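Student: sequence-free structure coming up:
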């Protein structure tokens, strides 16, 4: 079971905070609410990816400055794979929600 936390590296928690904290529009299905929370979700996912990219950059600089220990190399590889997972998840989430909003708009 997933838990929403305040950790910016927890993708679910990050998206949960961003969608709840959107202040424009109405909170439930009112006029204009779809774009507001959808944009907030996209921004949150993007910010999470920015955070992960910064982590990769920091770890890469350690390796680039002579930190060639196996643990340093594993840390960079792990961060890069985590970035790939988060990027794929973000793209999938945006696509799925976008298609859902499109379907809802057609029925309305």
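Tutor: Thanks, I have it. These figures come from a predicted structure and were not determined experimentally.

Student: contacts and neighbour counts: CA atoms only from here.
Tutor: Fine.

Student: excluding its backbone neighbours, what's nearest residue 86?
Tutor: residue 49 (7.0 Å; Cα to Cα, 6 or more residues apart in numbering).

Student: tally of neighbours for the one you found?
Tutor: For residue 49, the neighbour count with other Cα atoms under 10 Å is 21.

Student: Residue 69 too?
Tutor: 10.

Student: Quick check: it vs residue 63, distance?
Tutor: Separation of residue 69 from residue 63 (Cα to Cα, to the nearest Å) stands at 8 Å.

Student: thinking again about what came up before, does the residue nearest to residue 86 fall in a helix, a strand, or a coil region?
Tutor: Three-state assignment for residue 49 (DSSP: H, G, I helix; E, B strand; the rest coil): helix.

Student: ok, now which ones touch it?
Tutor: Residues near residue 49 by Cα atoms under 8 Å, 6 or more residues apart in numbering: 83, 86, 87.

Student: secondary structure element for the first one?
Tutor: Using DSSP states H and E, residue 83 falls within helix 70-107.

Student: Buried residues in that helix, which are they?
Tutor: By neighbour count on 16 or more other Cα atoms under 10 Å, the buried set for helix 70-107 is 72, 75, 76, 79, 80, 82, 83, 86, 87, 90, 94.

Student: Equivalent analysis for stretch 36-49, please.
Tutor: 36, 37, 38, 40, 41, 42, 44, 45, 47, 48, 49.

Student: now, the most widely separated pair of those?
Tutor: With Cα to Cα as the measure, no two of the buried residues of stretch 36-49 lie farther apart than 36 and 49, at 20.0 Å.

Student: where's the residue nearest to residue 94 when sequence neighbours are not counted relative to residue 59, distance?
Tutor: Excluding its sequence neighbours, the residue lying closest to residue 94 (Cα to Cα, 6+ apart) is residue 42, at 6.9 Å. Using Cα to Cα, we find residue 42 at a distance of 26 Å from residue 59.

Student: Same check on residue 67?
Tutor: Taking Cα to Cα, one finds residue 67 at 9 Å from residue 59.

Student: Specify which residue of those two has the higher count of neighbours.
Tutor: A count of neighbours by other Cα under 10 Å puts residue 59 above the other of residue 67 and residue 59, at 20 against 14.
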